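In: 3D model of this:
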Amino acid sequence: EALAPWIQNDAWRRIKRDMTKKEETVPLRFLLRWKPDRSAPEGHKANARVILQGFKHIDTTTKKLKTESPTVSRCGRNLTLMVVAQRQWSLFSGDVKSAFLQAEATEQSNVYGEPSPDMRRRLAYMMNLKENEVLQMIKPAFGDPRAPRQWFDDACSTLLKLQFTQHPLEPCVFTSTRDSDQNEPDAFQIKNGAWKVLDGVLALHVDDFLGGGENVNSVADIERKTSRNKKNEEVNPDTFLGRVLMLSQRYKFGSWNFTSVEGEIIFCGCQLAQNKDKSEITMSIEAYTTKVAPISVSKEKRQKPATPCTPAEISSLRGLIGALQWPASQCSPHLQCTVSHLQSSVSEATIEDLLTANKALKFAKANSDIKLYYKKIAPTMSKVLFGGYTDASWGSRKDGTSQGGMLIFPTTESQIRDGHALTLCCL
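Out: Got it, this is the predicted structure:
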């Protein structure tokens, strides 16, 4: 099952070993793991993935490769959620199945894979691979440092061909517009004098899409139009629905998930839900936070908080800080100050820092049900403003330096002027 997508997508080709260079041939292995699956009785299922050990390739060890691949930022993701709630669109996510293997082929590849004995036996049966042959990678391979960038370039090129517009400040956010007239709310005029209106938005994180738009409210809206067994309905290709349909035809998606159907969708570890009238989206990370374990500190050490930590204890502290940093950076701003203080103390950590980290974890679990809210706050997008608030605590760190903080949020002029408390959407 793990090998089939490689063969189906023509991701590699057989080539005699004596036609390749040793330093350009790297191991191919299976990565075995448990994958979360709500439909499985145990909540997970066995999964295998083919991995190329690209770090051993000569290009990786001797050259500066173009490997940087953008992923949607926290601000880009949150802005997407804000727009979807403001326009009251259905929030959905979609994951591209074996995304790297669906990118365009590279005929001049100098990357070759040497299958493990177990893999070679299976490939001998599936594609008649000979003992004197290896596999030339002609599509981005899992484990190749260049693969994420190659996939992003392919996905970006596809979205631009479909007439999505890439955000100038956020390369992983793409917007869709359709023809309009000047009397439609939120219509705007472009250089050639035509009137347009925003009709959809997509955020891309590696091979996962998140977004919403006009007339895309369920899987049926996509599958009904793309099914070969049913007569295709006329869909304007210059609309969000039309562009999503063409995107689903260009790439094979593993699944499409809608909050209106699933009740909750998971995107990059965050739980997203939407109310019935689609005017409010909530985001939390409760399921993740509850699984994090505290650091074990003996009673004797707790009585001597000024004692320096051992290397093993510092390692445990780094692990816990890393575990807390993820929810703090994603959707738990109430953890950010404490996590920042802990990060600055690692180099000279004491038992007191271990206890502080455990207290922070306890606080995180006790408040893991706190959600971030993204709401419709104005009748039209043109009424939405952006505000910022900054503050700092003077000399609050161990070394006497200060801790600063900043909050960016959408609001309206009326909310600012009436002087009443309001729920902030954190961007």
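In: can you pull the contacts of S73?
Out: S73 makes contact with E170, C172, according to Cβ atoms under 8 Å, 6 or more residues apart in numbering. For the C-beta atoms, the positions are set from N, CA and C on the backbone; glycine is no exception.
In: Just the pLDDT at it, thanks.
Out: pLDDT for S73: 92.
In: State the phi and psi torsions of it.
Out: phi -80, psi 170 (degrees, to the nearest 10).
In: Identify the single longest helix in this protein, thanks.
Out: helix 311-330 (DSSP state H).
In: angle of the helix or strand following that helix against helix 311-330?
Out: Downstream of helix 311-330, the next assigned helix or strand under DSSP states H and E is helix 336-345. Counting by axes from the mean of the first three to the mean of the last three Cα atoms, to 10 degrees, helix 336-345 points 150 degrees away from the direction of helix 311-330.
In: Give me the contact list for helix 336-345.
Out: 317, 321, 324-325, 328-329, 353, 356-357, 360, 363, 393, 396-399, 401, 403, 405.
In: ok, 10 Å please
Out: Helix 336-345 has contacts (Cβ atoms under 10 Å, 6 or more residues apart in numbering) with 309, 317-318, 320-329, 332, 335, 349, 352-354, 356-357, 359-361, 363-364, 393, 396-399, 401, 403-405.
In: ok, now stretch 306-313?
Out: 295-297, 300-301, 314-317, 345-346, 348-354.
In: What's the mean pLDDT across the longest helix of the chain?
Out: Mean pLDDT, helix 311-330: 92.
In: try stretch 381-396
Out: Averaging pLDDT along stretch 381-396 yields 89.
In: got it, and stretch 276-288?
Out: Averaged across stretch 276-288, pLDDT comes to 90.
In: Same check on stretch 143-154?
Out: For stretch 143-154, mean pLDDT rounds to 88.
In: What residues sit buried inside it?
Out: The neighbour-count check on stretch 143-154 (16 or more other Cβ atoms under 10 Å) flags G143, D144, P145, R146, A147, P148, R149, Q150, W151, F152, D154 as buried.
In: Also stretch 58-67?
Out: Per 16+ other Cβ under 10 Å, stretch 58-67 contains these buried residues: D59, T60.
In: ends of it, how far apart?
Out: 15 Å (Cα to Cα, to the nearest Å).
In: Same question for stretch 169-177.
Out: For stretch 169-177, the end-to-end distance is 18 Å (Cα to Cα).
In: same deal with stretch 276-284?
Out: 18 Å.
In: could I get the longest helix of the chain in CSV with only the CA atoms?
Out: Provided in CSV are the C-alpha atoms of helix 311-330 (Å, rounded to 0.1, in the frame of the first residue of the first chain):
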residue,chain,number,x,y,z
PRO,A,311,22.2,17.7,32.1
ALA,A,312,19.4,15.1,32.1
GLU,A,313,17.1,17.5,34.0
ILE,A,314,17.9,20.3,31.5
SER,A,315,17.1,18.0,28.7
SER,A,316,13.7,17.2,30.3
LEU,A,317,13.1,21.0,30.8
ARG,A,318,13.8,21.7,27.2
GLY,A,319,11.4,18.9,26.2
LEU,A,320,8.6,20.3,28.4
ILE,A,321,9.2,23.9,27.2
GLY,A,322,9.0,22.7,23.6
ALA,A,323,5.7,20.9,24.4
LEU,A,324,4.3,24.1,25.9
GLN,A,325,5.7,26.4,23.2
TRP,A,326,3.5,24.7,20.6
PRO,A,327,0.1,25.6,22.1
ALA,A,328,1.4,28.9,23.3
SER,A,329,2.4,29.9,19.8
GLN,A,330,-0.7,28.5,18.2
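In: which non-adjacent residue is nearest V173?
Out: Of all residues not flanking V173 in the chain, H167 sits nearest, at 4.2 Å (Cβ to Cβ, 6 or more residues apart in numbering).
In: count of neighbours near that neighbour?
Out: By the measure other Cβ atoms under 10 Å, the count of residues near H167 is 16.
In: Offset the numbering so it begins at 648, please.
Out: Yes, from this point I'll number from 648; that puts the last item at H814.
In: pLDDT-wise, which helix or strand of the chain ranks last?
Out: Every helix and strand in the chain was compared by mean pLDDT, DSSP states H and E; the lowest is helix 866-873, with a mean of 74.
In: Would you tell me what the next helix or strand after that helix is?
Out: Past helix 866-873, the next helix or strand by DSSP H and E is helix 887-897.
In: Quick check: buried residues in that following helix?
Out: Across helix 887-897, burial judged by 16+ other Cβ under 10 Å covers F887, L888, G889, R890, V891, L892, M893, L894, S895.
In: wait, the third one sits on D868?
Out: What that stands for is G889. No. The criterion here is Cβ atoms under 10 Å, and G889 misses it with D868 at 11.4 Å.
In: Mutual contacts of these two, please.
Out: Residues touching both G889 and D868 (Cβ under 10 Å, 6+ apart) are N862, V882.
In: before we move on, back to that, from the contacts of helix 983-992, list the buried ones, please.
Out: Buried members of the contacts of helix 983-992, scored by 16+ other Cβ under 10 Å, are 956, 964, 967-968, 970-975, 979, 982, 996, 999-1001, 1003-1004, 1007-1008, 1011, 1050.
In: Show me where the protein dips below the pLDDT cut-off.
Out: Counting by pLDDT under 70, the ranges of the chain that qualify are 685, 711, 754, 871-880.
In: Please consider this matter closed, and thank you.
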